[in-house]
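Asker: Whatever this is, show me its structure:
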Amino acid sequence: IEHEMKNGIPPNRIILGGFSQGGALSLYTALTCQHQLAGIVALSCWLPLHKAFPQAANNGVNKDIAILQCHGEMDPMIPVRFGALTAEKLKSVVTPTKVQFKTYPGVMHSSCPQEMMAVKEFIEKLLPRV
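Answerer: A predicted model of the protein is given here:
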């Protein structure tokens, strides 16, 4: 984040995102970040150290951050139930209406074209062309 800011990207034009452990890291990093970010894309993941929240996000800088969380319903690595529990926890950390949780039937620990379209639409909405 600091590197991108030094290169002239304002933090409110930065979206963190990742899949599985990368999604978990994106959630934790954005929610504890000192800079107001644009959003988070969290795919097939969970919120690490979930018991530390909402206190860990006490700076409140990203209280209104937009979050797109997606999960395959047949994921054997990170059960969709963990994704649903994460979504509920996130609603206690950020503005609840800013959390989108989408599931995809038949999808395992991977992505699908519909999920990638949701990510594309989320990014385009948050970061209009300048």
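Asker: Show me what the helix or strand hosting residue 18 is packed against.
Answerer: Element membership for residue 18, per DSSP states H and E: strand 15-19. Packing partners of strand 15-19 (3 or more Cβ pairs under 8 Å, 6 or more residues apart in numbering; DSSP states H and E): helix 21-32, strand 39-43, helix 113-126. Just so you know, the C-beta spots here come from the backbone N, C-alpha and C atoms, and that holds for glycine as well.
Asker: tilt between that strand and helix 21-32?
Answerer: Put simply, strand 15-19 runs at 150 degrees to helix 21-32, going by axes from the mean of the first three to the mean of the last three Cα atoms, to 10 degrees.
Asker: What mean pLDDT does strand 15-19 get?
Answerer: In this model, strand 15-19 has a mean pLDDT of 98.
Asker: Repeat that for stretch 81-88.
Answerer: On average, the pLDDT along stretch 81-88 is 96.
Asker: Alpha carbons of that stretch, as PDB, please.
Answerer: Taking C-alpha atoms only, stretch 81-88 is exported to PDB below (Å, rounded to 0.1, in the frame of the first residue of the first chain):
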ATOM      1  CA  ARG A  81     -20.000 -22.100   6.100                       C
ATOM      2  CA  PHE A  82     -16.700 -20.400   7.100                       C
ATOM      3  CA  GLY A  83     -17.300 -17.900   4.300                       C
ATOM      4  CA  ALA A  84     -20.800 -17.200   5.600                       C
ATOM      5  CA  LEU A  85     -19.500 -16.900   9.200                       C
ATOM      6  CA  THR A  86     -16.900 -14.400   7.900                       C
ATOM      7  CA  ALA A  87     -19.500 -12.400   6.100                       C
ATOM      8  CA  GLU A  88     -21.600 -12.100   9.300                       C
END
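Asker: Residues contacting that stretch from elsewhere in the structure, which ones?
Answerer: 27, 42, 44-47, 50, 69, 71, 75, 99, 101, 103 (Cβ atoms under 8 Å, 6 or more residues apart in numbering).
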